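Chemist: From the sequence below, what's the structure:
(chains A and B)
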2 protein chains.
Amino acid sequence: MKGQVMASFNAIEAITQTGPFPVNLKFLIEGEEEIGSPNLEAFIRSHLDLLSSDLALNPDTGMLGEDLPTITYALRGLAYFELRVYGPELDLHSGLYGGVVHNPAQAICELIAGMHDENGRVTLPGFYDRVTPLVPEERAELARLPTDEEFYKQQTGAPALWGEPDYTPGERVGARPTLEINGILSGFTGEGGKTVLPAWAMAKISCRLVPEQDPEEVYVQMQAYLKSHAPRTIRYELKRIAKGSPASISDCNSPEVRAMEHAMETVWGKRPMFRREGGSVPVVVKFKELLGIESVNCGFSLPSDRLHAPNERLHLPSWRRGIDTLIHFFFNLGG
Amino acid sequence: MKGQVMASFNAIEAITQTGPFPVNLKFLIEGEEEIGSPNLEAFIRSHLDLLSSDLALNPDTGMLGEDLPTITYALRGLAYFELRVYGPELDLHSGLYGGVVHNPAQAICELIAGMHDENGRVTLPGFYDRVTPLVPEERAELARLPTDEEFYKQQTGAPALWGEPDYTPGERVGARPTLEINGILSGFTGEGGKTVLPAWAMAKISCRLVPEQDPEEVYVQMQAYLKSHAPRTIRYELKRIAKGSPASISDCNSPEVRAMEHAMETVWGKRPMFRREGGSVPVVVKFKELLGIESVNCGFSLPSDRLHAPNERLHLPSWRRGIDTLIHFFFNLGG
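Modeler: Numbering: from 1, shown residues only, chains lettered A, B, ... in the order given. Got it, this is the predicted structure:
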């Protein structure tokens, strides 16, 4: 992201050398995004006038490839839970009690296994009720993405892809909600064997949300699922790990998105990709909620830039095209 | 167990003070039982003549209560596995890949959940084929045991009992085979949340076996289950943690068991309980296999003796009755 902000500065410098600036700009730069931006919301709330704008330009997304300029018009939200299942009061000898006590490790597996049906759909009651269906026009647009089965197999090394068969991989990752087991722990996990019947089991479970799902409602749905599926042979506890954040989506036909689309077309000589991103960028939701403004999400990093990994890089030719793009974007917007 | 061996010595001392000893005795005392008796089998194999006997008296079981002398005529065997499920090559971002990759933590839960049916029966193919059915006479004998639902609820603190509804708790723990999850681990298990889609998941799974199940066959059954249930979206690896041991059972009508039964009746003034124990005492199987002899399993410890726990104790009145019992047992056997 650092490079993207630099690109903006470079674009401004280039413009200001040629004449009057076509739009007013306010920069908001924060350095806490990687630790969950604990102070950002309070800052926005206490500087509403200072930050009041028509639009936010958010560079915290990337391109799909060097020759694939990309506008990310939707981001998924998040709801995160910790589930604990309790059985006997203490760890037991599996020989002396195996067969009369419901093993909490087994019970949590049974609960988790029931959270998806055989088609990979999440079974929490009402989970899909508010999910905005994909219209044919959007599916056609998403079908342009190079993120097919082969792409994801190469990216992940998984032996085969998985998920809702009625949706393409690109749709499943961006436009469909999911439920993931982020971690699970129970009993003896060291070398060798120990014949223990564990007293408890724990799982970290999170849901990626799409418009119009509400993290608060998903919490209630998870509670309802557990209430109707948890057997009376165990006790359980469901905790929210974070408040959760809703998904965000922009109107691809807004003048602001069009301004970016045309800027990219001018620089790359081709229409950009329109992509729904599977991750979450909570500030986009915060801007909408607190400042009432949309974001155009558009950065110039590449999948090969090793984000967060050793030897993270910035691809200079893409970066320079990004500078050109932003120059055109500001003029398109002002014009 | 130390106290039980002492009881035997005391019984011998008492007898030898009154006249000639009614049977020949050989003592085999080993101190490695708690670490799996790594040297016992080799010792037996190299001392077959020295150890050749008509019967083994094994004090490594206990009584059900102070006033409930108990003969343990069956012990369960064990088969122990480690299952590993692999998905993507590395841990992934659950936002960027959730929905296209089969989460290994979820996949292992699905596999584990399928290992029992809704009645708590193990679903490994052929798992019950060799299981000796309980005859009405034995069920009537086991029905005398005070190990009812309330007993196990108090012992474990579990909110409710679980298991095969067609069998009593005492039958389920002793006379029915079980499959337990001894441990499970995957992904992020620390404080708070991390939106990871884990690369692998691991579970420790063990089966308690009853006569005539074969640990080798159960391994093959587990492989068959995994082969038919594991989806092509993951890879898996099944490892045996130990060679496994079969169950053991004694004929309750043998002269040796009768000799113990009558000895207990003489001392306690009541018929002893006949119990199948859920745990495994591998030396009983080894004696049968290598020396061709049965064991009478009978010790005088109590459930309240805090076995393996701080302040482990020996209840002296029971210990003295045990000494009396062994005196009568040796005379019954010799008579």
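Chemist: Can you show me the helices along the stretch 151-300 of chain A?
Modeler: For the stretch 151-300 of chain A, helices defined by DSSP state H, counting those that start in this stretch occupy the ranges A:169-174, A:215-229, A:255-268, A:282-286.
Chemist: In terms of mean pLDDT, which of those helices ranks lowest?
Modeler: Ranked by mean pLDDT, the helices of the stretch 151-300 of chain A bottom out at helix A:282-286, with a mean of 90.
Chemist: Show me how far it is from its chain's centre.
Modeler: 12 Å (CA atoms, centre = their mean, to the nearest Å).
Chemist: Repeat that for stretch A:244-254.
Modeler: With CA atoms, centre = their mean as the basis, stretch A:244-254 stands 12 Å off its chain's centre.
Chemist: Hmm, A:Ser37 is touching A:Ser280, no?
Modeler: No - at 11.6 Å, A:Ser37 does not count as touching A:Ser280 under the criterion of CB atoms under 8 Å. In this view, the C-beta of every residue, glycine as well, is placed from N, C-alpha and C.
Chemist: nearest to chain B, of the helices of the stretch 151-300 of chain A?
Modeler: Proximity to chain B, assessed across the helices of the stretch 151-300 of chain A by CB to the nearest CB, is greatest for helix A:169-174 (3.7 Å).
Chemist: Enumerate the residues of the stretch 201-335 of chain A near chain B.
Modeler: A:201-204, A:206, A:208, A:231-235, A:241-242, A:277-280 (CB under 8 Å from any CB of the partner chain).
Chemist: Just these: which are in strands?
Modeler: Judged by DSSP state E, strands contain the following of those: A:Ala201, A:Met202, A:Ala203, A:Lys204, A:Ser206, A:Arg208, A:Arg235, A:Glu277.
Chemist: Tabulate these (CSV), appending pLDDT, neighbour count and distance to A:Tyr167.
Modeler: CSV is the format used below for these (pLDDT from 0 to 100; neighbours: other CB atoms under 10 Å in any protein chain shown; distance: CB to CB, whole Å):
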residue, pLDDT, neighbour count, distance to A:Tyr167
A:Ala201, 98, 28, 32
A:Met202, 98, 20, 31
A:Ala203, 98, 26, 26
A:Lys204, 98, 27, 25
A:Ser206, 96, 28, 20
A:Arg208, 96, 27, 14
A:Arg235, 98, 16, 37
A:Glu277, 89, 21, 16
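Chemist: Please report how far A:Leu291 lies from chain B.
Modeler: 24 Å (CB to the nearest CB, to the nearest Å).
Chemist: cool, A:Lys26 as well?
Modeler: Taking CB to the nearest CB, one finds A:Lys26 at 28 Å from chain B.
Chemist: Need the distance between the two termini of stretch A:230-250.
Modeler: Terminal residues of stretch A:230-250 lie 39 Å apart, using CA to CA, to the nearest Å.
Chemist: Report the buried residues of that stretch.
Modeler: A:230, A:233-236, A:238, A:240-241, A:244-250 (16 or more other CB atoms under 10 Å in any protein chain shown).
Chemist: Return the distance of that stretch from the chain's centre.
Modeler: Distance, centroid of stretch A:230-250 to centroid of chain: 17 Å (CA atoms, centre = their mean).
Chemist: and what of stretch A:307-319?
Modeler: For stretch A:307-319, the distance to the chain centre is 21 Å (CA atoms, centre = their mean).
Chemist: and the end-to-end length of that stretch?
Modeler: By CA to CA, the extent of stretch A:307-319 from end to end equals 15 Å.
Chemist: in that stretch, what's buried?
Modeler: So, applying 16+ other CB under 10 Å, buried residues of stretch A:307-319: A:Leu314, A:His315, A:Ser318, A:Trp319.
Chemist: State the pair within those that is farthest apart.
Modeler: A:Leu314 and A:Ser318 (7.9 Å; CB to CB).
Chemist: Between the two, which contacts overlap?
Modeler: A:Ser301 (CB atoms under 8 Å, 6 or more residues apart in numbering or on different chains).
Chemist: Can you give me the distance of the residue lying closest to A:Asn332 once chain neighbours are set aside to A:Ile71?
Modeler: Leaving aside its sequence neighbours, A:Asn332 sits nearest to A:Ala259 (CB to CB, 6 or more residues apart in numbering or on different chains; 3.8 Å). Relative to A:Ile71, A:Ala259 is positioned 11 Å away (CB to CB, to the nearest Å).
Chemist: residues shared between the contacts of those two?
Modeler: A:Val296.
Chemist: Contacts for stretch A:208-220 next, please.
Modeler: Outside stretch A:208-220, the residues that touch it by CB under 8 Å, 6+ apart are A:74, A:76-79, A:81, A:124, A:126-127, A:130-132, A:175-178, A:180, A:207, A:240, A:243-249, A:278, A:280, B:94-95, B:98-99.
Chemist: Could you tell me which of these count as buried?
Modeler: A:74, A:76-79, A:81, A:124, A:127, A:131, A:175-178, A:180, A:207, A:240, A:244-249, A:278, A:280, B:94-95, B:98-99.
Chemist: What is the longest helix of chain A by residue count?
Modeler: For chain A, the longest helix by residue count, based on DSSP state H, is helix A:316-334.
Chemist: can you give me phi and psi for A:Ile71?
Modeler: A:Ile71 adopts backbone torsions of phi -110, psi 120, taken as degrees, to the nearest 10.
Chemist: Name all residues that make contact with it.
Modeler: A:Cys252, A:Val257, A:Met260, A:Glu261, A:Met264, A:Pro272, A:Met273, A:Phe274, A:Arg275, A:Val296, A:Asn297, A:Cys298.
Chemist: out of those, which is most surrounded?
Modeler: A:Cys298 (28 neighbours; other CB atoms under 10 Å in any protein chain shown).
Chemist: Distance of it relative to chain B?
Modeler: Counting by CB to the nearest CB, the gap from A:Cys298 to chain B is 17 Å.
Chemist: Kindly report the same for A:Pro133.
Modeler: 16 Å.
Chemist: A:Glu164 now?
Modeler: Taken as CB to the nearest CB, the span from A:Glu164 to chain B is 7 Å.
Chemist: Could you give the backbone dihedrals for the nearest residue to that residue once chain neighbours are set aside?
Modeler: Excluding the flanking residues, the one nearest A:Glu164 by CB to CB, 6+ apart is A:Gly120, at 4.9 Å. Note on A:Gly120: backbone dihedrals following degrees, to the nearest 10 are phi 80, psi 10.
Chemist: correct me, but A:Gly120 touches A:Gly163?
Modeler: Yes - counting by CB under 8 Å, A:Gly120 touches A:Gly163, with 4.8 Å between them.
Chemist: The two - which one has more neighbours?
Modeler: A:Gly163 (24 against 21).
Chemist: so that one makes contact with A:Pro169?
Modeler: Yes - applying CB under 8 Å as the test, A:Gly163 and A:Pro169 come out as touching, 7.2 Å apart.
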